[in-house]
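> Starting from these lines, generate the structure:
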Amino acid sequence: MTTGSTGGASTMAVLDLDIDDLPAVIEARPTDVAALVLLRVQGRPAGQAVVPLVNGRCDTPRQALLEGADSAFWEALLSSRLDPSRSAPPPAPKAPATVAVCTRDRTEDLRRCVAALLAMPDDGQEILVVDNAPRTEATHDLLAGMPRIRYIREDRPGLDVARNRALQEARTEIVAFTDDDAAPDALWLRTLLRNFDDPLVGAATGPTLPIELETEAQMDFQRFGGFLRGYKRMVLDGATHDPLLGWHAGAGVNMALRRSALSSIGPFDEALDAGTPTQAGGDADMYRRLIAGGWRIVYDPEALNWHRHRRSAEELVRQMWGYEVAGSAVLWKTFAWEGNWGGLVQYLSWFARELALLGYSIRRRPGTPAPAVVLKRIRG
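Numbers count the residues shown, from 1 in each chain. All right, here's what the predicted structure looks like:
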């Protein structure tokens, strides 16, 4: 994957490379000042590096990648060299799963998403597309006649409403969710499902990388961390992790849930997430309740997903504002409705961190987003 031209503005390439099959030269577009490279080891996602480009080119990619690679990559490379069997791809699942995509009037994004889902190995999985309060019949018409796709129309607006409808309609124990503006990797579903061999795992998540970095807004979102939680496997449970920090597990664009776990803690909170005043937060609230309910969440760094970040500054500011509205809503729900004082403590800690970030941003510290973005987050 590479970025496109933006009329002379600086951009970044996004590349997917295996350390044992590197090109002799990295050639991107003239506007690309650097490349964000997903590094694989024997086909498996292992880490990343940022490679500087000159006129969209790097003549020594192996040296540049090894110099810029993170520690997770080196651990994966060493493990594969010492024990090649550890690099075997994930096996076919013992039982089929359901993949759910909740969408609303974004057919071009959905077209790419469905194409990626249909390109995955066919392990008997069903693909549900929940069309949430559509304004037109475009999504229905797009999917008409597509194999292995079951179309469901849900007229009550709200992302968590659509997610709950998918859980009700699913015929399998495990339901994996992705977004219409995402494109899961070929082995995404198999990788998520291997984590449910542990009967205490209620959810599994994975990293999500940008499809493109063509605009300053997209690069700003990635500077915030995007949807990435690193390249090292994490197991979150009540013994090691504060449920209020359950959002550390990942984002709803890349998650799978055990339906029987939800029977014990309840479905998604339909007062949260897109389509409601809270803007987002349904996934973070679900992770919080899973951990508090005694379940484990596994973040599997090889369950790779790709996402088209918001392209304009206006979209980014609105998105970041929405995330903070949602985070506040979840914490105040925890404090005001459930009587957990930890929600208030986390809220005040967050506010202090945002004020510090604003100071760094005003002083133009490298790697910090624009002050307008931070101010909008604080307003949220």
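
> From now on I want contacts and neighbour counts done on CA atoms only, so please keep to that.
Noted.

> need the helices for the stretch 1-150 of the chain, in chain order.
Taking DSSP state H, counting those that start in this stretch, the helices of the stretch 1-150 of the chain run over residues 61-68, 71-82, 107-118, 138-143.

> ok, now the stretch 201-350 of the chain?
If DSSP H, counting those that start in this stretch is used as the criterion, the helices of the stretch 201-350 of the chain fall at 216-223, 259-265, 282-292, 313-332, 341-362.

> Keeping just the C-alphas, turn the helix or strand that contains residue 376 into PDB.
Secondary structure assignment for residue 376, by DSSP states H and E: helix 371-379. Output in PDB follows, covering the C-alpha atoms of helix 371-379 (Å, rounded to 0.1, in the frame of the first residue of the first chain):
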ATOM      1  CA  PRO A 371      -3.300  22.800  19.400                       C
ATOM      2  CA  ALA A 372      -6.800  23.000  17.800                       C
ATOM      3  CA  VAL A 373      -7.000  19.200  17.900                       C
ATOM      4  CA  VAL A 374      -6.000  19.100  21.600                       C
ATOM      5  CA  LEU A 375      -8.400  21.900  22.500                       C
ATOM      6  CA  LYS A 376     -11.300  20.100  20.800                       C
ATOM      7  CA  ARG A 377     -10.500  17.000  22.800                       C
ATOM      8  CA  ILE A 378     -10.600  19.000  26.000                       C
ATOM      9  CA  ARG A 379     -13.900  20.500  25.100                       C
END
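
> Mind checking the helices of the stretch 1-150 of the chain for the one nearest to residue 186?
helix 107-118 (7.2 Å; Cα to Cα).

> Mean neighbour count for the helices of the stretch 201-350 of the chain - can I get that in JSON lines?
Formatted as JSON lines, the helices of the stretch 201-350 of the chain follow (neighbours: other Cα atoms under 10 Å):
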{"stretch": "helix 216-223", "mean neighbour count": "20"}
{"stretch": "helix 259-265", "mean neighbour count": "15"}
{"stretch": "helix 282-292", "mean neighbour count": "25"}
{"stretch": "helix 313-332", "mean neighbour count": "20"}
{"stretch": "helix 341-362", "mean neighbour count": "15"}
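
> one step back: list the buried ones in the helix holding residue 376?
Across helix 371-379, burial judged by 16 or more other Cα atoms under 10 Å covers 371, 373, 374, 375, 376, 377, 378.

> remind me which residues of the chain are low pLDDT?
Within the chain, the segments meeting pLDDT under 70 span 1-9.

> mind redoing it with 80?
Within the chain, the ranges that satisfy pLDDT under 80 run 1-10, 85-87, 223-225, 366-370, 372-373, 376.

> Dump the helices of the stretch 1-150 of the chain to a markdown table, plus distance to residue 52 and mean neighbour count.
Converted to a markdown table, the helices of the stretch 1-150 of the chain look like this (distance: least, Cα to Cα, whole Å; neighbours: other Cα atoms under 10 Å):
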| stretch | distance to residue 52 | mean neighbour count |
| --- | --- | --- |
| helix 61-68 | 8 | 16 |
| helix 71-82 | 19 | 16 |
| helix 107-118 | 29 | 18 |
| helix 138-143 | 40 | 16 |
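
> could you redo those as JSON lines and give each row distance to residue 47?
JSON lines is the format used below for the helices of the stretch 1-150 of the chain (distance: least, Cα to Cα, whole Å):
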{"stretch": "helix 61-68", "distance to residue 47": "10"}
{"stretch": "helix 71-82", "distance to residue 47": "4"}
{"stretch": "helix 107-118", "distance to residue 47": "22"}
{"stretch": "helix 138-143", "distance to residue 47": "35"}
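
> Of all those helices, which one is nearest residue 234?
helix 71-82 (12.5 Å).
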